[in-house]
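Asks: here is a sequence with its predicted model. Questions after.
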Amino acid sequence: MIVYNVTTKISEQISDGWLQWLNEEHIPQMLSTGLFTHAVVLRLLEQDEEEGPTYAVQYHALSKSAYNQYISEFAEGMRQKSLEKWGDQFIAFRTLMQIVQ
């Protein structure tokens, strides 16, 4: 199984609205691509939250080819939607991992 991890630092001013949007709109749109089986939302602890909280969302795919299809067909559009809605009030970075056990 492949895990596409998106870690995001959210501005305190938008944190509640962003989390609601994430759960009600963004994750359902990601899952509706049919390329991920489920998503897990985590809040990072023991982090400096002076500027806002940090979350990691882990999207699980059955294969690297499913992830590659997401990147080629959907990733740019999903990122653009986030930027249009939240502007520069967040910073995100992405990692790809494989479950080995």
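Replies: Happy to help now that I have it.

Asks: ok, the nearest residue to Lys64 once chain neighbours are set aside to Pro28 distance?
Replies: Leaving aside its sequence neighbours, Lys64 sits nearest to Ile2 (C-beta to C-beta, 6 or more residues apart in numbering; 5.5 Å). In this view, the C-beta of every residue, glycine as well, is placed from N, C-alpha and C. In this view, Ile2 and Pro28 are 20 Å apart by C-beta to C-beta, to the nearest Å.

Asks: any low-confidence regions in this structure?
Replies: Counting by pLDDT under 70, the chain shows no low-confidence range.

Asks: for the chain, which segments count as helices?
Replies: Per DSSP state H, the chain carries helices over the ranges 15-21, 27-32, 64-70, 76-86.

Asks: could you dump the third one to PDB, C-alpha only?
Replies: Presented in PDB, the C-alpha positions along helix 64-70 are these (Å, rounded to 0.1, in the frame of the first residue of the first chain):
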ATOM      1  CA  LYS A  64       2.100   3.300  -7.000                       C
ATOM      2  CA  SER A  65       0.300   3.400 -10.400                       C
ATOM      3  CA  ALA A  66      -2.900   4.700  -8.700                       C
ATOM      4  CA  TYR A  67      -0.800   7.400  -7.100                       C
ATOM      5  CA  ASN A  68       0.900   8.200 -10.400                       C
ATOM      6  CA  GLN A  69      -2.500   8.500 -12.100                       C
ATOM      7  CA  TYR A  70      -3.700  10.900  -9.400                       C
END
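
Asks: can you point out the buried residues in that helix?
Replies: The neighbour-count check on helix 64-70 (16 or more other C-beta atoms under 10 Å) flags 66-67, 69-70 as buried.

Asks: distance to His60 added to those residues, as TSV?
Replies: Output for these, formatted as TSV (distance: C-beta to C-beta, whole Å):
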residue	distance to His60
Ala66	10
Tyr67	10
Gln69	15
Tyr70	12
